[in-house]
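**Student:** coords below, sequence missing:
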Ligand SMILES: NC(=O)N[C@@H](CC(=O)O)C(=O)O
């Protein structure tokens, strides 16, 4: 194994120091280290963060390998500074059995670019009718701890209650896609002034808020862990604030796009801006940013949702919802939060690792810690060119935008997956 001596790096925003990486761990830190035989990287001006952890990634394999594979999504993740991603269950077949989650887990190991932690479906086929084999997925080689029907809401309150009760046995968590389906029938975008102007059927904020309110009460009642996917409204933030003040075991994520973009984008009729939940108003964006800063929202999760060209470059009504996220998330966080490195490390690495139970991730670089880390150049600016992305899909909402920050290197267990801003394999 090659040793790496990273010179003059700011660890999570601290004073510059050297980091020696050897045998998969951070072996030493301090000024002026020497290490004969080590590969030296001059990291002057760079910031080292614990490798980012994405709690919400769609890798599309099995089933839609034309849009993404475990390998292409893993490469996109590494280039985005990630060392672990949690793969959503809405594949084809659905990841609702030990066999499918083990397949995804094994493909992740073979790609070897990030740790791929499969998420299991809550209900068979995401159909919302009966519970999937949660225990078998938990006991499988993939050791599933997060369960989600993401893309669909677990709408039946009795099933949701049973799922919450069931996963307590292995400290699991139910990640809810909060969308009351009766309130979003035919919805095309956020329900509000813009949808009225465009004459498009709206997805009202209350469809999200009502499910979150119900589920925090259920989680409190049964004493279970609940996680809320892609929170998108100011009202949801208030419900979560209330629940957390009561001591409910609830965590929540926000996506980069909900921190930056608004429903005004729909006026372009460009389906790249169609996403679920939809882009909301500027007031929602402001509330989400404040909640991310004060901790009511625990983490940034990408909801990386690759889609093939034919599913995106069509009329708005026929386009699939979803946006790419892995290769741009850190830049959006930097844009929105500024160089608050400790906050970025907390919201994009430490907290998601804790929620997912990934105990070798989310640890600040320090002696003895597994060398899962990323080096960021905060001064760099880059223009997003869809054709240059590692994802198999092209549906980024940031095409040709200039964004701050660049991932220079990523290390997974001491081996570089990205060097000089390029994937190593
Ligand atoms: N977030 C999205 O817009 N899309 C997700 C699933 C979903 O939540 O609809 C996808 O899998 O494409």
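**Tutor:** Received the coordinates, thanks. Computed from a prediction, not measured in an experiment: that's the story for all the values here.
**Student:** residue 227: what secondary structure?
**Tutor:** Here residue 227 is recorded as strand under DSSP: H, G, I helix; E, B strand; the rest coil.
**Student:** quick one: residues contacting it.
**Tutor:** Contact partners of residue 227, counting by CB atoms under 8 Å, 6 or more residues apart in numbering, are 55, 146, 173, 174, 175, 176, 250, 251, 252, 253, 355. All C-beta atoms are positioned from the backbone trio N, CA, C, and that covers glycine.
**Student:** these two touch, right, the fifth one and residue 147?
**Tutor:** Yes - using CB atoms under 8 Å, residue 175 makes contact with residue 147 at a distance of 7.0 Å.
**Student:** anything in contact with each of the two?
**Tutor:** Listed contacts common to residue 175 and residue 147 are residue 119; contacts here mean CB under 8 Å, 6+ apart.
**Student:** got the contacts of residue 227 as TSV, with neighbour count, pLDDT and distance to residue 191 columns?
**Tutor:** Shown next, in TSV, are the contacts of residue 227 (neighbours: other CB atoms under 10 Å; pLDDT from 0 to 100; distance: CB to CB, whole Å):
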residue	neighbour count	pLDDT	distance to residue 191
55	31	99	27
146	25	98	30
173	25	98	30
174	25	99	27
175	29	99	24
176	30	99	20
250	24	98	25
251	20	99	27
252	30	99	22
253	26	99	22
355	24	98	30
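**Student:** for residue 225, state which of those residues is nearest.
**Tutor:** residue 173 (4.1 Å; CB to CB).
**Student:** excluding chain neighbours, what is closest to the closest one?
**Tutor:** Closest residue in space to residue 173, ignoring its immediate chain neighbours: residue 225 at 4.1 Å, by CB to CB, 6 or more residues apart in numbering.
**Student:** count of neighbours near that neighbour?
**Tutor:** Applying other CB atoms under 10 Å, we find 20 residues neighbouring residue 225.
**Student:** how confident was the prediction at it?
**Tutor:** Confidence at residue 225, expressed as pLDDT, is 98.
**Student:** residue 108: neighbour count?
**Tutor:** 25.
**Student:** residues in contact with it?
**Tutor:** Per CB under 8 Å, 6+ apart, neighbours of residue 108: 70, 74, 87, 114, 115, 116, 117, 118.
**Student:** now do residue 186
**Tutor:** Residues in contact with residue 186 (CB under 8 Å, 6+ apart) are residue 201.
**Student:** count of neighbours near residue 64?
**Tutor:** The local packing of residue 64 (other CB under 10 Å) involves 20 other residues.
**Student:** relative to residue 66, how far out is the residue lying closest to it once chain neighbours are set aside?
**Tutor:** Nearest residue to residue 64, sequence neighbours excluded (CB to CB, 6+ apart): residue 92, at 6.6 Å. Between residue 92 and residue 66 the computed distance is 12 Å (CB to CB, to the nearest Å).
**Student:** who's more crowded, those two?
**Tutor:** Comparing residue 92 with residue 66 by neighbour count (other CB under 10 Å), the higher total belongs to residue 66, at 15 against 12.
**Student:** let me see the contact set for the closest residue in space to that one that isn't next to it in sequence.
**Tutor:** Ranked by CB to CB, 6+ apart and with sequence neighbours excluded, the top spatial neighbour of residue 66 is residue 308, at 5.1 Å. Remark: with contacts taken as CB under 8 Å, 6+ apart, residue 308 is in contact with 64, 66, 67, 393.
**Student:** helices and strands around the lengthiest helix in the chain, which ones?
**Tutor:** Longest helix in the chain, counting residues (DSSP state H): helix 205-222. With contacts taken as 3 or more CB pairs under 8 Å, 6 or more residues apart in numbering; DSSP states H and E, helix 205-222 sits against helix 157-167, strand 173-176, strand 225-228, helix 234-245, strand 250-254.
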